[in-house]
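Student: structure of the sequence below:
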Amino acid sequence: MTAARVLKQAQQVGGDEDAEDTAGAQGQADLPKRNRHCGCEEAAARQMLNGSVPSSPTSPQDHALISTAEPAITVLQALIALTFVRTRHGLTAFALLFAAAFMRVVAQGLSFILPNDEARVSTWLGIGFWTLPILVSLALIACTIWASQRLGLTWRFNAMAYLVASLAVSAIVGADMGIGH
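Tutor: Numbering: from 1, shown residues only. As a prediction, the model looks like this:
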């Protein structure tokens, strides 16, 4: 698959959002967008609970970069944590690895409502909506299981980690629903 094809797919998928942003910005094209909290200029991407989208009209290249950045950073986080689990046998590294796997699995589950970044990229690549989300999640889960076994963690410890992560995500989603809108 060529980069041109991926960018063309990104432009086709992201076109509707860009059109809405352009329509809302008419008459204000000369004014930079300001953050309502700090007064600073807004970033080029708007982070949401299940991904990121451009906050203003962007090129297909920028839209593709925004969509690939979050999963790439999460996988990088997992690889660094996995390295520390291998070399230092630390629970902090396991927590970072577990968090990476948990984030991508939750994002995949939310893709039934709103496609996450991997699902968008997977569609652009023409390999099916669920291919990348499933592959990334399975790889991160496999790394987490391996790290858990290497550190000698019990299923109870992992169940407690899942419970704590679930409560934390629920609190964040609740806060976002109450504060974010």
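Student: helices of this structure, start to end?
Tutor: Assigned by DSSP state H, the helices in the chain fall at 3-25, 60-88, 91-110, 117-125, 131-151, 155-179.
Student: helices or strands next to the fourth one in the packing?
Tutor: In other words, helix 117-125. helix 3-25, strand 51-54, helix 60-88, helix 91-110, helix 131-151 (3 or more CB pairs under 8 Å, 6 or more residues apart in numbering; DSSP states H and E). All C-beta spots, glycine's among them, are computed from the backbone N, C-alpha and C.
Student: low-confidence stretches in the protein?
Tutor: Applying pLDDT under 70 to the chain flags residues 1-54, 180-181.
Student: please redo it, this time with the cut-off set to 90
Tutor: 1-71, 89, 107-118, 120, 169, 172-181 (pLDDT under 90).
Student: hang on, the earlier thing: ranking the helices of the chain by burial, who's on top?
Tutor: helix 117-125 (a mean of 23; mean count of other CB atoms under 10 Å).
Student: and the angle for that one with helix 91-110?
Tutor: Angle of helix 117-125 versus helix 91-110, following axes from the mean of the first three to the mean of the last three CA atoms, to 10 degrees, is 60 degrees.
Student: quick one: residue 117 from residue 176, how far?
Tutor: 18 Å (CB to CB, to the nearest Å).
Student: same deal with residue 80?
Tutor: Distance, residue 80 to residue 176, by CB to CB: 27 Å.
Student: ditto for residue 114
Tutor: Residue 114 sits at a distance of 13 Å from residue 176 (criterion: CB to CB).
Student: and for residue 142?
Tutor: For residue 142, the distance to residue 176 (CB to CB) stands at 30 Å.
Student: cool, and residue 135?
Tutor: 28 Å.
Student: next one: residue 89
Tutor: Remark: distance between residue 89 and residue 176 (CB to CB) = 35 Å.
Student: same thing with residue 137?
Tutor: Distance from residue 137 to residue 176, by CB to CB: 22 Å.
Student: my guess is residue 104 meets residue 74, correct?
Tutor: Yes. Look at residue 104 against residue 74 with CB atoms under 8 Å: they come within range, at 5.9 Å.
Student: shared neighbours, the two?
Tutor: residue 140 (CB atoms under 8 Å, 6 or more residues apart in numbering).
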